[in-house]
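S.K.: sequence? don't have it. structure:
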């Protein structure tokens, strides 16, 4: 027991009807250098819970208390959840992204630091693999981070973090749909992407929003070719 003013507080009982606010982990690149990133994330409206530096001897910067909302996701959607600032932990990685016309590789020590941090947060808040995402996964119409050079496959295979596919199963689907893909209606493709989690309207046409979602999917799961076109390998994945 303790008290607040003249009120006695009894904490002997715990409600079963509760869960963590932190249900997602969202990864970003900053698109600017370390000093600019720190200034932007501490002095302006945008913010994130953590910042992973591109300087090897730097700590990981803890900028917003995990129990509070940070302003990193913006208008966002994954499955039935919208406005993911309310339910996520945001991790920014110092990386120029595609600010110079092509994507910039991440440094090995950055990926190791990200892996340790994500593993810690996922275990702490019981966040499932399907809720460890990039900013472009939850906002594919306006974002491209962490981009095609972020090594999702390495995080899955080396650190058991996030999602990846089984290669043999993928190859089986490729063989199955090699001659049938052209007969799949675009509305079915849109429904599959939506069922997986992406915010996409079922329009029945190969429109810009569909291309953006396919490109975000390819950045995450098929970074060797992210044309935004639905090909057999992408469909199989």
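M.R.: Yep, that arrived. What you are looking at is a predicted structure, and each value in this text was computed from that prediction instead of being measured. Numbers count the residues shown, from 1 in each chain.
S.K.: Wasn't residue 233 part of a strand?
M.R.: No. Under DSSP: H, G, I helix; E, B strand; the rest coil, residue 233 sits outside any strand and is assigned helix.
S.K.: what separates residue 35 from residue 55, distance-wise?
M.R.: Distance from residue 35 to residue 55, counting by Cβ to Cβ, to the nearest Å: 10 Å. Backbone N, C-alpha and C define where each C-beta goes, glycine included.
S.K.: out of those two, which sits in the more crowded spot?
M.R.: For residue 35 versus residue 55, the count of surrounding residues by other Cβ atoms under 10 Å is larger for residue 55: 12 against 9.
S.K.: Contacts only, for that one.
M.R.: Residues in contact with residue 55 (Cβ atoms under 8 Å, 6 or more residues apart in numbering) are residue 34.
S.K.: what's the burial count for residue 149?
M.R.: 16.
S.K.: just residue 105 next, same as before
M.R.: So residue 105, with other Cβ under 10 Å, has 12 neighbours.
S.K.: do the same with residue 32
M.R.: 16.
S.K.: now do residue 36
M.R.: So residue 36, with other Cβ under 10 Å, has 12 neighbours.
S.K.: quick one, what contacts it?
M.R.: Per Cβ under 8 Å, 6+ apart, neighbours of residue 36: residue 30.
S.K.: what pLDDT, on average, does the helix or strand hosting it get?
M.R.: Taking DSSP states H and E as the criterion, residue 36 maps to helix 34-43. Average pLDDT, helix 34-43: 98.
S.K.: Then stretch 7-24?
M.R.: 89.
S.K.: And that stretch, what's buried?
M.R.: Going by neighbour count (16 or more other Cβ atoms under 10 Å), the buried part of stretch 7-24 is 22-24.
S.K.: what do you get for stretch 107-115?
M.R.: Buried residues in stretch 107-115, counted by 16+ other Cβ under 10 Å: 107, 110-111, 113-115.
S.K.: next one: that stretch to chain centre, how far?
M.R.: Relative to its chain's centre, stretch 107-115 lies at 16 Å (Cα atoms, centre = their mean, to the nearest Å).
S.K.: And stretch 171-179, by the same measure?
M.R.: Between the centre of stretch 171-179 and the centre of its chain there are 28 Å (Cα atoms, centre = their mean).
S.K.: Contacts for it next, please.
M.R.: By Cβ under 8 Å, 6+ apart, stretch 171-179 touches 184, 232-233, 235-236.
S.K.: pLDDT score assigned to residue 137?
M.R.: 98.
S.K.: can you check the one 4 residues further on too?
M.R.: Model confidence at residue 141, given as pLDDT, is 98.
S.K.: Which member of the buried residues of stretch 7-24 is positioned nearest residue 16?
M.R.: Closest approach between these and residue 16, by Cβ to Cβ: residue 23, at 17.7 Å.
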